[in-house]
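*Asks:* any chance you can model this:
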Amino acid sequence: MELTELLKTKFNYDHFRPGQQEIIETLLRGDSVLGMLPTGTGKSLCYQLPGYLLEGTVIVISPLISLMEDQVAQLQRLGEKRAVSLNSLLSSWEKQWVLNEAYKYKFIFMSPEMFLTPNVQKTLQAMKLSFVVVDEAHCISQWGIDFRPEYLKLAEGIKNVGVSLILALTATATRAVRQDIQRLLFDDKAQEFVYSVDRPNISFFVYQEDKNKKLQELVESLNGSGIIYCATRKKVEELYHALKQKHAVAYYHGGLSGQERRMLQQQFLAGDLQLLIATNAFGMGINKNNIRFVIHYDLPDSPENYLQEVGRAGRDGRPSQAILLYEEGDEYIHHFLQEQTNQSKKLFEIKQKMSDLVFEDPLIKKWEQFFPNQESRLLDLLSQRGTTKKLQLQKMLDYISTTDCRRDFLVSYFDETLSDKNPNCCDNDGANLAVKTSQKLVVETSVHWQKIFQKIFKNDVKD
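*Replies:* Next up is the predicted model:
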């Protein structure tokens, strides 16, 4: 069957989006791929479609349960019953049942931690596997979004189950991170297909004022459905209670059961909820194509995470908005988390000097489990991670304070230059926030005089 025919009959799409067909054809030729496509542009199709053309089961390794469950639900909506998420929400009995029936599935989703467990490895060794997908592949890099030693063991685990064909997918990876993925995951250099991180239909705004007051104003005036991201479960629930009297709103975080999260997703997809307030990890599993705005109540810790999260908006291609609220001191929570990494590094250095010292540090304990007698490597990674996290956070603070184009700022972080821009690009380029009045959608007419002067003077300088 022709690719375009299968695309239409199985997925009801008339055309491939940029990068999809090239990645799929490369996989079908038997060559591994590293693909970087913007959020919301159909990365999942890059493994779903070839999965139907190649014999065997597709293993998809993903960092978050919410992402796995979302992908399984998406496949089920397409009529695919042979998809399952093997995750920690299942009981021991349920996990064993999935493993016993694993050969019947076409797509099995799991975390790197689950993939590397002896039972799972043994089961996969006895199965016919077509290829392995590493989703959110930037996590592999020592400069990735989190420090999970299991990611550094993935290449070994993939070899152990007898698979040579690998598809690594990401939406946000700098050149240095892509080089890391190539080195840590592939025996031979995989073919790369790299597309811009830019989502032209999303406009960017930053407000530096009283966040509670501004949030109330925004949710009253913005049209359509949206996500509000917070850094902690406590803040998620606090905002929910502040907004629930006047708005159709729910909250979504790791403290909810799988059934509760699935129910809320269905309500959000159906349009029964205007707002979903979520922690960033669980908000990543929400795949609704007509989200009109994403509000960050708390400061993201990196441009990578920021673009991942605002990428929930405008997946239907229509104009959407990314709004970041900031008050001085919002970065302190990230300084606290960075200090935890520094403490782990200091403890490990002490332990090297005093080998008889007994203490518990979860990160160090996990590292020693996977990489015994590799202390110097851990110290290097902790140092690099600490440095990188500081630089990433500073970039977010620079993004807030910049008077230049915010879109240009973000894409240049990924070593890109913009060839063209949405006229309604960002607040620094004169973009207006789309708001509702009566039954019509209009734009804010109030533009700060400071921004008008900035724009005039910038144009004078360029001339």
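
*Asks:* now the chain, which segments are flagged as low pLDDT?
*Replies:* Along the chain, segments meeting pLDDT under 70 span 1, 142-146, 340-361, 437-463.

*Asks:* dead centre of it: give me the residue that sits there.
*Replies:* Nearest to the mean C-alpha position of the chain, by C-alpha atoms, centre = their mean, lies Gln308 at 4.4 Å.

*Asks:* what about the residue nearest to Ser221 when sequence neighbours are not counted, which SS state?
*Replies:* Distance criterion C-beta to C-beta, 6 or more residues apart in numbering; nearest residue to Ser221, sequence neighbours excluded, is Val435 at 4.1 Å. Heads up, the C-betas are built off the backbone N, CA and C, glycines and all. Classification of Val435 by DSSP: H, G, I helix; E, B strand; the rest coil places it in strand.

*Asks:* where's Val435 relative to Ile277, distance?
*Replies:* Using C-beta to C-beta, to the nearest Å, one obtains 20 Å as the distance from Val435 to Ile277.

*Asks:* those two - which one has more neighbours?
*Replies:* Ile277 (26 against 17; other C-beta atoms under 10 Å).

*Asks:* can you list the strands that whatever helix or strand that one lives in pairs with?
*Replies:* Element membership of Ile277, judged by DSSP states H and E, is strand 275-279. Sheet pairing for strand 275-279, assigned by DSSP bridges, gives strand 225-230 (parallel), strand 249-252 (parallel).

*Asks:* quick one: the helices in the stretch 101-250 of the chain?
*Replies:* Here the stretch 101-250 of the chain has its helices, by DSSP state H, counting those that start in this stretch, at 112-115, 118-125, 154-160, 175-185, 211-221, 233-243.

*Asks:* so which of those is nearest Asp380?
*Replies:* For Asp380, the closest of these is helix 175-185, at 13.2 Å, according to C-beta to C-beta.

*Asks:* can you give me the end-to-end span of stretch 82-93?
*Replies:* One end of stretch 82-93 to the other measures 19 Å (C-alpha to C-alpha, to the nearest Å).

*Asks:* could you do stretch 411-429 as well?
*Replies:* Per C-alpha to C-alpha, the first residue of stretch 411-429 is 15 Å away from its last.

*Asks:* mind listing what's buried along it?
*Replies:* Of the residues in stretch 411-429, 411, 413-414, 416, 418, 422, 424-429 count as buried by neighbour count, 16 or more other C-beta atoms under 10 Å.

*Asks:* now the residues you listed in CSV, with distance to Leu3 and secondary structure?
*Replies:* CSV is the format used below for the buried residues of stretch 411-429 (distance: C-beta to C-beta, whole Å; DSSP: H, G, I helix; E, B strand; the rest coil):
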residue, distance to Leu3, secondary structure
Val411, 30, helix
Tyr413, 34, helix
Phe414, 29, coil
Glu416, 28, coil
Leu418, 31, coil
Asn422, 31, coil
Asn424, 35, coil
Cys425, 35, coil
Cys426, 37, strand
Asp427, 42, helix
Asn428, 42, helix
Asp429, 39, helix
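
*Asks:* ok, of these, which one's closest to Ser130?
*Replies:* For the buried residues of stretch 411-429, the nearest to Ser130 is Phe414 (30.9 Å; C-beta to C-beta).

*Asks:* any idea how far the spatially closest residue to the closest one that is not a sequence neighbour is from Lys244?
*Replies:* Using C-beta to C-beta, 6+ apart and skipping residues adjacent in sequence, the residue nearest Phe414 is Val197, 5.0 Å away. As judged by C-beta to C-beta, Val197 and Lys244 stand 35 Å apart.

*Asks:* among those two, which residue is more densely surrounded?
*Replies:* Each of Val197 and Lys244 has its neighbours counted (other C-beta under 10 Å); Val197 has more, 25 against 14.

*Asks:* quick one: the more buried one from Leu363, how far?
*Replies:* Val197 is 29 Å from Leu363, by C-beta to C-beta.

*Asks:* the helix or strand hosting Gln392: which residues count as buried?
*Replies:* Element membership for Gln392, per DSSP H and E: helix 375-401. Neighbour-count burial for helix 375-401 flags 375, 378, 381-382, 385-386, 388-389, 392-393, 395-396, 399-400 (criterion: 16+ other C-beta under 10 Å).

*Asks:* can you check stretch 19-35 too?
*Replies:* 19-24, 26-27, 32-35.

*Asks:* one more: stretch 210-226?
*Replies:* 211, 214-215, 218-219, 222-226.

*Asks:* which of those residues sits closest to Glu150?
*Replies:* The closest of the buried residues of stretch 210-226, once distances to Glu150 are taken by C-beta to C-beta, is Gly226, at 33.7 Å.

*Asks:* pretty sure that closest one contacts Gln274?
*Replies:* Yes. Between Gly226 and Gln274 there is a contact under C-beta atoms under 8 Å: 7.3 Å.

*Asks:* now do the shared contacts for the two.
*Replies:* Val219 (C-beta atoms under 8 Å, 6 or more residues apart in numbering).

*Asks:* now the helix holding Gln392 against helix 175-185, angle please.
*Replies:* Counting by axes from the mean of the first three to the mean of the last three C-alpha atoms, to 10 degrees, helix 375-401 points 150 degrees away from the direction of helix 175-185.

*Asks:* what about the strands in the stretch 201-350 of the chain?
*Replies:* For the stretch 201-350 of the chain, the strands defined by DSSP state E, counting those that start in this stretch occupy 202-208, 225-230, 249-252, 275-279, 291-296, 320-326.

*Asks:* for Asn87, which non-adjacent residue is closest in space?
*Replies:* Nearest non-adjacent residue to Asn87, counting by C-beta to C-beta, 6+ apart: Ile65, 4.9 Å away.

*Asks:* buried stuff in stretch 283-300?
*Replies:* Those would be 283-288, 291-300, for stretch 283-300 by 16+ other C-beta under 10 Å.

*Asks:* for that stretch, the distance to its chain's centre please.
*Replies:* 11 Å (C-alpha atoms, centre = their mean, to the nearest Å).

*Asks:* may I have that stretch as CSV, with CA atoms only?
*Replies:* The C-alpha trace of stretch 283-300 is given here as CSV (Å, rounded to 0.1, in the frame of the first residue of the first chain):
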residue,chain,number,x,y,z
GLY,A,283,0.1,18.9,31.4
MET,A,284,2.4,17.4,28.7
GLY,A,285,0.0,14.5,28.3
ILE,A,286,-2.9,16.8,27.2
ASN,A,287,-3.4,16.6,23.4
LYS,A,288,-6.3,18.8,22.5
ASN,A,289,-5.9,20.4,19.1
ASN,A,290,-7.9,23.6,19.7
ILE,A,291,-6.3,25.0,22.8
ARG,A,292,-6.2,28.7,22.2
PHE,A,293,-3.9,29.8,25.0
VAL,A,294,-1.3,28.6,27.4
ILE,A,295,-0.6,30.6,30.5
HIS,A,296,2.5,30.0,32.6
TYR,A,297,1.7,31.2,36.1
ASP,A,298,5.2,30.0,37.3
LEU,A,299,8.5,30.5,35.5
PRO,A,300,9.7,27.5,33.4
